[in-house]
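Engineer: how would this look folded up:
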Amino acid sequence: MSLTRPQTVISLDGARAAIAGAFARATELGVSVNIAVADLGGNLVSFDRMDGAPLMSASIAQDKAVSVVSFNGLPTHGWSELFAGDDDSVGQGIPLRPGLVIFGGGIPIVIDGELVGAVGCSGGSSEEDRAIAEAGAAAVLDR
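Structural biologist: Prediction:
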């Protein structure tokens with residue numbers, strides 16, 4: 001029996017690659033957003049706030065990244081599918097958990113099949129945030 005287990009987490013260089021990829025996509029879309037990268041422990045590794053990005057969405061971006069790693073890589077847009085067909089109280093109660101975000105913009109960073117962190121993006125529409133976060137996660141794999 002082992003009392004510990006190894007865990008691979010996103011590095012600062014990986015987080016910066018994610019931020020750069022997300023930043024580039026946000027620029028293409030013409031949206032000013034906040035971009036956060038968290039490691040598996042939900043710790044902030046890197047963060048950028050684009051000029052003009054809404055201030056309050058800074059914490060939302062961080063919460064999106066933490067929400068993803070807190071639920072084993074479930075993208076934040078994936079929650080609505082989980083609620084389908086379930087008791088209404090689940091769909092109404094889960095979103096009340098502090099810090100949990102259940103709309104688009106939180107995407108896992110997976111390397112070699114292993115969850116290593118997540119990108120959270122906020123400031124655009126849910127679909128824009130999702131696209132930007134996906135570009136950030138993909139940018140890590142391009143390095």
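Engineer: longest strand in this structure, by residue count?
Structural biologist: strand 114-122 (DSSP state E).
Engineer: which of the residues in the helix or strand following that one are buried?
Structural biologist: With elements assigned by DSSP states H and E, the helix or strand that comes after strand 114-122 is helix 126-141. Buried residues in helix 126-141, counted by 16 or more other Cβ atoms under 10 Å: 128-140. Any C-beta I mention is one placed from the backbone N, CA and C, and that applies to glycine too.
Engineer: Same question for stretch 40-60.
Structural biologist: Those would be Leu40, Gly42, Val45, Ser46, Phe47, Asp48, Arg49, Ala53, Ser57, Ala58, Ile60, for stretch 40-60 by 16+ other Cβ under 10 Å.
Engineer: What count of nearby residues applies to the residue nearest to the fourth one when sequence neighbours are not counted?
Structural biologist: This means Ser46. Residue nearest to Ser46 in three dimensions, not counting chain neighbours: Ala15, with 3.7 Å by Cβ to Cβ, 6 or more residues apart in numbering. When counting by other Cβ atoms under 10 Å, one arrives at 27 neighbours for Ala15.
Engineer: next one: the one 4 residues further on
Structural biologist: Applying other Cβ under 10 Å, we find 22 residues neighbouring Ile19.
Engineer: about what we covered before: mind listing residues that contact the helix or strand hosting the residue nearest to Ser46?
Structural biologist: Using DSSP H and E, Ala15 sits in helix 12-29. Here helix 12-29 makes contact (Cβ atoms under 8 Å, 6 or more residues apart in numbering) with 10, 32-33, 35, 37, 45-48, 50, 109, 116-117, 119, 121, 124, 128, 131-140, 142-143.
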